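Engineer: What would the 3D arrangement of this be:
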Amino acid sequence: MTDKRERPPVPEALPAPVIDAHTHLDACGAVDAAGVAALLDRAEAAGVSHVITVADDLKAAQWAAEASTWDPRVYAAVAVHPTRTSSFGDVEKAELERLAAFDRVVAIGETGLDYYWDYSPPAAQHEAFRWHIDLSKRVGKPLMIHDRDAHEDILKVLSSEGAPSTVVFHCFSGDADFARRCVDAGYVLSFAGPVTFRNARALREAAQLVPQDQLLVETDAPFLTPHPFRGRPNEPYCVNYTVRDLATLRGEDLSELCAAVTRNAQRVFGLDY
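Structural biologist: Numbering: from 1, shown residues only. The predicted structure is shown next:
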């Protein structure tokens, strides 16, 4: 029997490099430059050339911004996760504004609404989401959205506040109808391990209709490990499995899809390589 604590095998390298558009290197176990390098070395062996490590609280935001200076394969996104916004105030805002100005911080996220957990009241989440939208527009960096059971309210807030020029739905979780609405609004949809789950029919249908130039891939590691390794620890190299599955699902050539999602990530996040 396979040990659920065991990492999936590192797969054969992709035919062209891709970017893991959303991961949490600290939650994957990295604490210093050596730990980051070990994660990225495994990723590079699988054809995953770069990652964006994402914050969920202020300490993680500080760590992500620093980690992005340790290894040229790492970029960062900073924000306070919606489930952590019950005490979101001036201290957090000031520090996020400082971090958002860093060159290797390429997005504001993850921010948004989460109605699944009850760690933070909806009113506090809404207020923090609106503030992050404003920060994204002021610093000219993409908004990286966390949307859990909150599809309609996410769109309402983006409409009422005026969406930033670039909006990324991290770990897109909607159906085909919601995907069409996001695509029509010009938003970018990023797919993680759940799109490979064989029982995720609505999500897999949604993934088939997204235009290639509005598509990203991610792991959200250490969570959401793709099929057939669901439940085992996730790492950036596992985006290899997701992009392979997406190519088959969408009926696209794997090399072409790899090149497309890399171009998209470079364009969306203004990556400098």
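Engineer: which parts of the longest strand seen in the chain are buried?
Structural biologist: In the chain, taking DSSP state E as the definition, the longest strand is strand 105-114. Residues of strand 105-114 classed as buried by neighbour count (16 or more other Cβ atoms under 10 Å): Val105, Val106, Ala107, Ile108, Gly109, Glu110, Thr111, Gly112, Leu113, Asp114. Placement of C-beta: from N, CA and C, glycine included.
Engineer: Which parts of the stretch 101-250 of the chain are helices?
Structural biologist: For the stretch 101-250 of the chain, applying DSSP state H, counting those that start in this stretch gives helices covering 122-139, 151-161, 176-184, 201-209, 239-250.
Engineer: Can you lay out those as a markdown table showing mean pLDDT and mean neighbour count?
Structural biologist: Listed next are the helices of the stretch 101-250 of the chain as a markdown table, based on pLDDT from 0 to 100; neighbours: other Cβ atoms under 10 Å:
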| stretch | mean pLDDT | mean neighbour count |
| --- | --- | --- |
| helix 122-139 | 98 | 19 |
| helix 151-161 | 98 | 16 |
| helix 176-184 | 98 | 17 |
| helix 201-209 | 98 | 17 |
| helix 239-250 | 98 | 21 |
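Engineer: could those be laid out in CSV, adding distance to Trp63?
Structural biologist: Listed next are the helices of the stretch 101-250 of the chain as CSV, based on distance: least, Cβ to Cβ, whole Å:
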stretch, distance to Trp63
helix 122-139, 19
helix 151-161, 27
helix 176-184, 30
helix 201-209, 30
helix 239-250, 21
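Engineer: on that earlier part again, from the buried residues of strand 105-114, pick the one nearest Tyr187.
Structural biologist: Proximity of the buried residues of strand 105-114 to Tyr187 (Cβ to Cβ) peaks at Gly112, which lies at 12.2 Å.
Engineer: List the residues that contact that closest one.
Structural biologist: Taking Cβ atoms under 8 Å, 6 or more residues apart in numbering as the criterion, Gly112 is in contact with Pro82, Gln125, Phe129, Ile145, His146, Asp147, Arg148, Ala150, Ile154.
Engineer: still on that earlier bit, how distant is the longest strand of the chain from the center of its chain?
Structural biologist: Centroid displacement of strand 105-114 relative to its chain, using Cα atoms, centre = their mean, to the nearest Å, is 9 Å.
Engineer: begin at 5 from here
Structural biologist: Taking 5 as the first residue, the last one we looked at is strand 109-118.
Engineer: Direction included, what does it pair up with?
Structural biologist: Strand pairing for strand 109-118, using DSSP bridges, gives strand 78-82 (parallel), strand 147-152 (parallel).
Engineer: one step back: tabulate the contacts of Gly116 (JSON lines), appending distance to Ala80.
Structural biologist: As requested, these are arranged in JSON lines below (distance: Cβ to Cβ, whole Å):
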{"residue": "Pro86", "distance to Ala80": "19"}
{"residue": "Gln129", "distance to Ala80": "22"}
{"residue": "Phe133", "distance to Ala80": "20"}
{"residue": "Ile149", "distance to Ala80": "17"}
{"residue": "His150", "distance to Ala80": "16"}
{"residue": "Asp151", "distance to Ala80": "21"}
{"residue": "Arg152", "distance to Ala80": "22"}
{"residue": "Ala154", "distance to Ala80": "25"}
{"residue": "Ile158", "distance to Ala80": "23"}
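Engineer: Good, wrapping up.
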